[in-house]
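Asks: my questions are about this predicted structure, shown below with the sequence.
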Amino acid sequence: MSERKLKNYIGGTWLESDTTNYETVYNPATEEALCEVPLSTKLDLDHAVKIADEAFESWKNTAVPKRARVMYKFHELLMDNKEELAKLITIENGKSLSEALGEVQRGIENVEFAASAPTLMMGDSLTSIATDVEATNYKYPLGVVGGITPFNFPMMVPFWMFPMAIVCGNTFVLKPSEKTPLLSEKIAELLEESGLPKGVFNIVFGAHDIVNGLLEHEKVKAISFVGSQPVGQYVYQEGTKNLKRVQSLTGAKNHSIILKDANLDTTIKNIISAAYGSAGERCMACTVVTVEEDIADEFIERLTQAAKEIKIGNGLDEGTFLGPVIRKENQERTFKYIEKGLEEGANLILDGRENLPSEGYFVGPTIFTDVTTDMTIWKDEIFAPVLSVIRVKNLQEGIEIANKSEFANGACLFSNNASAIRYFRENIDAGMLGINLGVPAPVSFFAFSGYKSSFYGDLHCNGKDSVEFYTHRKVVTARYGQEDI
Ligand code: NAD
């Protein structure tokens, strides 16, 4: 399999890229080379955009219920292929099979939501805005839309974008992460089998050249980006400079606050899953816990014990909880962060550099205590199974610490005190909140609402925002005279 060179998917045809430059895709659990992904050229991209633009002419005029029916068929095929899709995710990304299945389910829910397009795309009207005058608002697709996605959710994140974009009548060019390109190949096959007309969905594999090509191309009307903060900021600034509509979902540093009335059994289960699931490579991962002093010792002791019991290994193996990080560089980068935490005076009570499998890019569950907000491990998004614990006097101090972060993606509170819950909701900066749960990632019909440096733009992915993002409006104001009646 390692020799296999991926091809771009343009106009319903698998086309060899114009490039001679390929990058190897690895299974991070075994270090096995899976395939070669082309770092495609702007010529490849121009071709894809041209084809997508041509396809737009008839797709935009295809009746909305007919477009939605493609989603019904696609949904059926996704359900039939759930296991295969999940296995592919585990092989190229490393997360456990049960987490991969969860990801597939989340993707499928986006297709369910997109299938409601006939309702979601309805405009609204007012029969009487003045004597004999009425106003109606209509929604129209934009044209060619570009999607740029990260490695950590090879299925779910593209599904935040293309189902709604295409059901609204746009055509789509996907640039998947070059580290996890295989799942998108399968998506294209299933969309084709669903009866999607050629050219409506296209894939151009590659890296920054394709991103820049999408940002510069005059026919690309909107860009959906999900990835790290520096790249997301760049994409937002360049895209808007080129007068495109851009939504850019970026990095995170999610805090969980644990109050003394919390049920510690369920809280610890939730924190273990939120901090170490998917090897911490989730934009909604729990990276910092602030815990009330009264229960801090007991919490830390029980959390450490639970973390030590985590099964590390290949995500395809039964019972594996913690898979590898994506590449050797990510493993080495994480080890450097652990070193930095020690240098800056944090207390390393569980060291993820120890007792690792002999092959694969693994990092074990890591816990630092005595972390302060001037430390690099508190500030940076490490994107690995490294958790910082901070003791706090009360809820107010926990919120103050969380709000110091430049990021504001998710935050969780563990408590059953209604007043504390309300206070938390009213005062925390983060855009996606969890109460007594660890990963508050909203379902498809709610917007994925990151804030501060976790999001650049106005309209988020998912929910009603996504319909607004992928459409533009015409408001018709019409006078109807009485003379001819
Ligand atoms: P990344 O920023 O390295 O890559 C994301 C995409 O941008 C990829 O397609 C990549 O090819 C492209 N890219 C990378 N460097 C580029 C450059 N210099 N110029 C132009 N394009 C470039 O992110 P990643 O490592 O693949 O994914 C992890 C990041 O994604 C984390 O920061 C995580 O928090 C974030 N993420 C955020 C959300 C969210 O909803 N906020 C969801 C998932 C992941």
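Replies: It's in.

Asks: so what's the residue count around Pro442?
Replies: Per other Cβ atoms under 10 Å, the neighbour tally for Pro442 reads 18. No exception for glycine: its C-beta is placed from N, CA and C like everyone else's.

Asks: oh, that last question was meant for Glu343, not what I typed.
Replies: Going by other Cβ under 10 Å, the residues that sit close to Glu343 add up to 10.

Asks: quick one: the residue sitting nearest the centre point of the chain from the ligand, how far?
Replies: The centroid of the chain falls nearest to Val157 when counting by Cα atoms, centre = their mean (4.3 Å). Note on Val157: its distance to the ligand, by Cβ to the nearest ligand atom, to the nearest Å, is 6 Å.

Asks: for that residue, helix, strand, or coil?
Replies: helix (DSSP: H, G, I helix; E, B strand; the rest coil).

Asks: just to check, it is in contact with Val226?
Replies: Yes: taking contacts as Cβ atoms under 8 Å, Val157 lies within contact range of Val226: 4.9 Å.

Asks: who touches both of those two?
Replies: Residues within reach of Val157 and of Val226 at once, by Cβ atoms under 8 Å, 6 or more residues apart in numbering, are Thr149, Pro150.

Asks: how about the residues of the protein by the ligand?
Replies: The chain comes close to the ligand at residues 148-153, 157, 175, 177-178, 207-208, 211, 226-228, 231, 249-252, 283, 381, 383, 409, 448, 450, 454, as judged by Cβ under 6 Å from any ligand atom.

Asks: narrow those residues to those in helices?
Replies: Val157, His208, Val211, Val231 (DSSP state H).

Asks: which members of these are the farthest-apart pair?
Replies: Distance extremes for those: the farthest pair is Val157 and His208 at 18.0 Å, using Cβ to Cβ.

Asks: who's in contact with Val144?
Replies: So, once contact is read as Cβ under 8 Å, 6+ apart, Val144 ends up touching Val49, Ala52, Asp53, Phe56, Asn170, Thr171, Phe172, Val173, His217, Lys219, Val220, Lys221.

Asks: so the third one is in contact with Val220, correct?
Replies: Okay, so that is Asp53. No: look at Asp53 against Val220 with Cβ under 8 Å: they stay out of range, at 9.0 Å.

Asks: which of the ones in helices among the residues of the chain next to the ligand sits closest to Phe424?
Replies: Val157 (27.7 Å).

Asks: show me where the stretch 101-250 of the chain has helices.
Replies: 117-120, 156-159, 162-167, 182-193, 208-216, 229-241 (DSSP state H, counting those that start in this stretch).

Asks: before we move on, what about the stretch 351-485 of the chain?
Replies: Using DSSP H, counting those that start in this stretch, helices in the stretch 351-485 of the chain cover 376-379, 395-404, 418-427, 463-469.

Asks: using JSON lines, please lay out these together with mean pLDDT and mean neighbour count.
Replies: Below are the helices of the stretch 351-485 of the chain laid out as JSON lines (pLDDT from 0 to 100; neighbours: other Cβ atoms under 10 Å):
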{"stretch": "helix 376-379", "mean pLDDT": "98", "mean neighbour count": "18"}
{"stretch": "helix 395-404", "mean pLDDT": "98", "mean neighbour count": "19"}
{"stretch": "helix 418-427", "mean pLDDT": "98", "mean neighbour count": "13"}
{"stretch": "helix 463-469", "mean pLDDT": "98", "mean neighbour count": "21"}
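
Asks: where does the stretch 1-150 of the chain dip in pLDDT?
Replies: Scanning the stretch 1-150 of the chain for pLDDT under 70 picks out the ranges 1-2.

Asks: can you pull the contacts of the residue of the stretch 151-300 of the chain found nearest the ligand?
Replies: Going by Cβ to the nearest ligand atom, the ligand is nearest to Gly227 of the stretch 151-300 of the chain, at 2.6 Å. Contacts for Gly227 (Cβ under 8 Å, 6+ apart) come out as Ile148, Thr149, Pro150, Ser177, Val235, Leu249, Thr250.

Asks: and those residues, which are buried?
Replies: The neighbour count (16 or more other Cβ atoms under 10 Å) marks Ile148, Thr149, Pro150, Ser177, Val235, Leu249, Thr250 as buried among those.

Asks: just name the closest of these to Ala441, please.
Replies: Nearest member of those to Ala441, counting by Cβ to Cβ, is Leu249, at 11.6 Å.

Asks: which residues touch the residue lying closest to that closest one once chain neighbours are set aside?
Replies: Computed as Cβ to Cβ, 6 or more residues apart in numbering, the closest residue to Leu249 that is not its neighbour in sequence is Val226, at 4.5 Å. Shown in contact with Val226 (Cβ under 8 Å, 6+ apart): Ile148, Thr149, Pro150, Val157, Trp160, Gly232, Ser248, Leu249, Thr250, Cys283, Cys461.

Asks: which ones among the residues you listed are found in strands?
Replies: Counting by DSSP state E, the part of the contacts of Val226 found in strands is Ile148, Ser248, Leu249.

Asks: okay if I get these as TSV plus distance to Lys42?
Replies: Output for the ones in strands among the contacts of Val226, formatted as TSV (distance: Cβ to Cβ, whole Å):
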residue	distance to Lys42
Ile148	15
Ser248	21
Leu249	25
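
Asks: who touches Thr240 in this structure?
Replies: Here Thr240 is in contact with Val246 (Cβ under 8 Å, 6+ apart).

Asks: so Glu3, which of the three states?
Replies: Glu3 - assigned by three-state DSSP - is coil.

Asks: who does the closest residue to it other than its chain neighbours form a beta bridge with?
Replies: Leaving out its chain neighbours, the residue that sits closest to Glu3 by Cβ to Cβ, 6+ apart is Glu36, at 7.4 Å. Glu36 has the following beta-bridge partners by DSSP bridges: Lys5, Thr24.

Asks: what number of residues lie near Glu36?
Replies: Glu36, neighbours per other Cβ under 10 Å, totals 17.

Asks: please identify the most buried of the helices of the stretch 101-250 of the chain.
Replies: Among the helices of the stretch 101-250 of the chain, ranked by average contacts under mean count of other Cβ atoms under 10 Å, first place goes to helix 162-167 (a mean of 28).
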